[in-house]
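Student: Give me a 3D structure for the following:
(2 chains)
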2 protein chains.
Amino acid sequence: MTKERPLILVTNDDGIYAPGIRALVKAALKFGDVVVVAPDKPQSGMGHAITINSTLRVEVVHAHEGAQSWSCSGTPVDCVKMAVNKLLSRKPDLCLSGINHGANHSINVIYSGTMSAAMEGAIEGVPSIGFSLLDYSIEADFNAAQHYAEQLISFVLKNGMERGVCLNVNIPKGPVEEIKGLRVARQAQGTWIEELDERTDPAGRKYYWLTGRFENFEPEADDTDAYALQHNYVSVVPVQFDLTAYNVMPNIKQLEGI
Amino acid sequence: MTKERPLILVTNDDGIYAPGIRALVKAALKFGDVVVVAPDKPQSGMGHAITINSTLRVEVVHAHEGAQSWSCSGTPVDCVKMAVNKLLSRKPDLCLSGINHGANHSINVIYSGTMSAAMEGAIEGVPSIGFSLLDYSIEADFNAAQHYAEQLISFVLKNGMERGVCLNVNIPKGPVEEIKGLRVARQAQGTWIEELDERTDPAGRKYYWLTGRFENFEPEADDTDAYALQHNYVSVVPVQFDLTAYNVMPNIKQLEGI
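Tutor: All right, here's what the predicted structure looks like:
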């Protein structure tokens, strides 16, 4: 009896035709049968959004050579739900998301459509990895990212993943020779310092662009993803979705007496 | 010198005219000056989505008696960013989100626009609470929810909140006399069993509604939010946003040798 080839689901948040997902599909094809279910348009910053007040559509597209592909009208999380619960013939062995055009370290994990798709894979009980490259350019070089994606796909297919956990992988910009290796890290504490860029439309009405810069609250800590990336390592953060602040529970226990 | 009245920001994900936010504004007005910045349309299931590929607009509206109100074209998280970084004259003392029409216990915390707004408040360093009532009806009775909202607003204004933590409060359906009190709880483990309801449009093309039912993986555990709600208690879960799976880090340390 021949062992079945792994079934690998690929999605992203930049849309099914983005260069980053092409690199990820190429990496995945070396390890198994690949099915792509990805948004029909860019969905950056969608966080863990799902479509509940409107309908979803999927369409077969010829977007990726060697991989069956569907474009989906919904968010990255919708794509994973649609794939696992409707389109795939069996539960996938691996769910990959990305490669995102832009960083998803630190607090960005909660705003990121890329990482939300990976988390949704983990919620569905599928070992999952989200990949992001620290380069927003449409001309970005995905070679190093693809190289490390292959290493991580191989590792997770071989070793599996704890249920309810996925990996958040960020890859520095630049050629593979300049990257120093991988670091297992924790999510850095930090935040976006927002600047709402105010403009005036031709009719004289104000509108805003959300913009800002990331501030690392602990730039000296050497065990964070932000630190690893700054020192040209690929960062790998295991991510889970129990958000309970267990350490705070005793402090508010008195609420039960109200 | 008179002590300044607390400044309370109120938002939600059901839109600025939803009955639930009216009840929350009424509760907040008993404790301070209230500013409402809330979505101009329903934004349920938006998770931690933010608007980065299009622009944001805000408009002064007369939506809530006694409270200055802006409607915003963005998501619940956008509303908090807009309020704190642009519209408010000073950092608010409290950020309230809700009262959501429908439950946000267990895994729902990551899909919920209501809770993402509260988390965004906490990210901005503002003590924050998200409220949800276990009743989806537009005719829902918010009296009990308003009663408990007042208790929690009073508690948090008096005691403050650890930085980076917000409260996820769910209130059972029904009159206040039938509710047994408050329980500090952890997020129950569970998931949505998805059913993609397939239909055919008048042109003969398929479309889908995302639907499903929640499955609690640990119905016997008596320290979860789902358990508290099932036994007619208000559940209060402290929520934080470091998603690192610290226990898994040693298991994947070998990745550094790849």
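
Student: Return the residues in contact with the closest residue to residue A:148 other than its chain neighbours.
Tutor: Leaving aside its sequence neighbours, residue A:148 sits nearest to residue A:234 (CB to CB, 6 or more residues apart in numbering or on different chains; 5.1 Å). Where C-beta positions appear, they are placed from N, C-alpha and C, glycine not excepted. Contacts for residue A:234 (CB atoms under 8 Å, 6 or more residues apart in numbering or on different chains) come out as A:148, A:169-172, A:179, A:181-183, A:228.

Student: Let me know the closest of those to chain B.
Tutor: Comparing these against chain B with CB to the nearest CB places residue A:182 closest, at 5.1 Å.

Student: Would you mind confirming that that closest one is in contact with residue A:232?
Tutor: No - taking contacts as CB atoms under 8 Å, residue A:182 lies outside contact range of residue A:232: 11.4 Å.

Student: the more surrounded of the two?
Tutor: residue A:182 (23 against 13; other CB atoms under 10 Å in any protein chain shown).

Student: quick one: the helices in chain A?
Tutor: Here chain A has its helices, by DSSP state H, at A:19-29, A:76-82, A:113-123, A:143-159, A:225-230.

Student: Compute the distance between the residue nearest to residue A:6 when sequence neighbours are not counted and residue B:211, please.
Tutor: Closest residue to residue A:6 apart from its sequence neighbours, by CB to CB, 6+ apart: residue A:32 at 3.4 Å. Distance of residue A:32 to residue B:211, given as CB to CB, to the nearest Å: 30 Å.

Student: Among those two, which residue is more densely surrounded?
Tutor: More crowded of residue A:32 and residue B:211, by other CB under 10 Å: residue A:32, with 17 against 12.

Student: Dig out what the residue nearest to residue A:148 forms beta bridges with.
Tutor: Beta bridges link residue A:234 to residue A:182, judged by DSSP bridges.

Student: one step back: can you put the helices of chain A in TSV and add mean pLDDT and mean neighbour count?
Tutor: As requested, the helices of chain A are exported to TSV (pLDDT from 0 to 100; neighbours: other CB atoms under 10 Å in any protein chain shown):
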stretch	mean pLDDT	mean neighbour count
helix A:19-29	97	24
helix A:76-82	96	30
helix A:113-123	96	30
helix A:143-159	97	19
helix A:225-230	98	23
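
Student: now the strands: where do they sit in chain A?
Tutor: Under the criterion DSSP state E, chain A contains strands at A:7-11, A:33-39, A:58-61, A:68-72, A:94-101, A:128-133, A:165-171, A:182-184, A:190-200, A:206-216, A:234-240.

Student: how about those, which one is nearest residue B:17?
Tutor: Ranking those by proximity to residue B:17 (CB to CB) places strand A:206-216 first, at 22.1 Å.

Student: Could you list the buried residues of the closest one?
Tutor: A:207-208, A:210, A:216 (16 or more other CB atoms under 10 Å in any protein chain shown).

Student: distance of residue A:117 from residue A:96?
Tutor: 9 Å.

Student: Of the contacts of residue A:234, grab the buried ones for ChimeraX.
Tutor: Buried residues within the contacts of residue A:234, by 16+ other CB under 10 Å, are selected in ChimeraX with:
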select /A:148,169,170,171,172,179,182,183,228
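
Student: Let me see the contact set for the closest residue to residue A:109 other than its chain neighbours.
Tutor: With sequence-adjacent residues excluded and distances taken as CB to CB, 6+ apart, residue A:109 is closest to residue A:115, at 4.9 Å. Shown in contact with residue A:115 (CB under 8 Å, 6+ apart): A:97, A:104, A:108-109, A:130, A:132, A:166, A:168, A:239.

Student: Which residue is the nearest non-sequential neighbour of residue A:103?
Tutor: residue A:134 (4.8 Å).

Student: pretty sure the one you found contacts residue A:229?
Tutor: Yes - counting by CB under 8 Å, residue A:134 does reach residue A:229; the two are 6.4 Å apart.

Student: shared neighbours of those two, which are they?
Tutor: If you check residue A:134 and residue A:229 against CB under 8 Å, 6+ apart, the residues they both contact are A:103, A:170, A:172.

Student: Can you check which of the strands of chain A gets nearest to residue B:71?
Tutor: Using CB to CB, the nearest of the strands of chain A to residue B:71 is strand A:206-216, at 13.7 Å.

Student: how about the closest one, does it reach chain B?
Tutor: Yes - using CB under 8 Å from any CB of the partner chain, strand A:206-216 reaches chain B at A:206-210.

Student: Just the residues contacting that strand, thanks.
Tutor: Contacts for strand A:206-216 (CB under 8 Å, 6+ apart): A:106-108, A:188-201, A:224, A:226, B:50-52, B:55-58, B:74, B:78, B:81-82, B:86.

Student: On the strand side of things, show who residue A:198 bridges to.
Tutor: If you apply DSSP bridges, the partners that residue A:198 bridges to are residue A:208.

Student: For it, the count of nearby residues, please.
Tutor: Residue A:198, neighbours per other CB under 10 Å, totals 11.

Student: give the contact list for it.
Tutor: A:206-208, B:86.

Student: If I look at it, what pLDDT would I see?
Tutor: Residue A:198 is assigned 93 on the pLDDT scale.

Student: hang on, the earlier thing: so for residue A:18, which of the strands of chain A sits nearest?
Tutor: strand A:94-101 (6.6 Å).

Student: model confidence over that closest one, on average?
Tutor: Mean predicted confidence for strand A:94-101 is 97.

Student: Looking at the buried residues of strand A:206-216, which one is closest to residue A:6?
Tutor: residue A:216 (36.8 Å).

Student: And for residue A:83, nearest residue in space, chain neighbours not counted?
Tutor: residue A:37 (4.0 Å).

Student: Mind listing the residues bridging to that neighbour?
Tutor: residue A:70.

Student: how about it, what does it touch?
Tutor: With CB under 8 Å, 6+ apart, residue A:37 has these contacts: A:9-11, A:58, A:69-70, A:72, A:79-80, A:82-83, A:87.

Student: can I get the residues you listed in TSV with distance to residue B:125?
Tutor: Listed next are the contacts of residue A:37 as TSV, based on distance: CB to CB, whole Å:
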residue	distance to residue B:125
A:9	38
A:10	38
A:11	34
A:58	41
A:69	43
A:70	42
A:72	37
A:79	34
A:80	33
A:82	37
A:83	38
A:87	43
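
Student: could you flag which of these are buried?
Tutor: When the contacts of residue A:37 are checked for burial by 16+ other CB under 10 Å, the buried set is A:9-11, A:58, A:69-70, A:72, A:79-80, A:82-83, A:87.

Student: sorry, back to before: and the residues of strand A:206-216 next to chain B as TSV, adding pLDDT?
Tutor: Shown next, in TSV, are the residues of strand A:206-216 next to chain B (pLDDT from 0 to 100):
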residue	pLDDT
A:206	93
A:207	93
A:208	93
A:209	92
A:210	90
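
Student: Return the member of those residues nearest to residue B:16.
Tutor: When the residues of strand A:206-216 next to chain B are compared against residue B:16 (criterion: CB to CB), the nearest one is residue A:208, at 17.5 Å.

Student: circling back to that earlier point, separation between the residue nearest to residue A:6 and chain B?
Tutor: 19 Å (CB to the nearest CB, to the nearest Å).

Student: Can you tell me who the closest residue to residue A:81 other than its chain neighbours pairs with across the strands?
Tutor: The shortest distance from residue A:81 to any residue other than its chain neighbours is 5.2 Å, reached at residue B:194 (CB to CB, 6+ apart). On the basis of DSSP bridges, residue B:194 is bridged to residue B:212.
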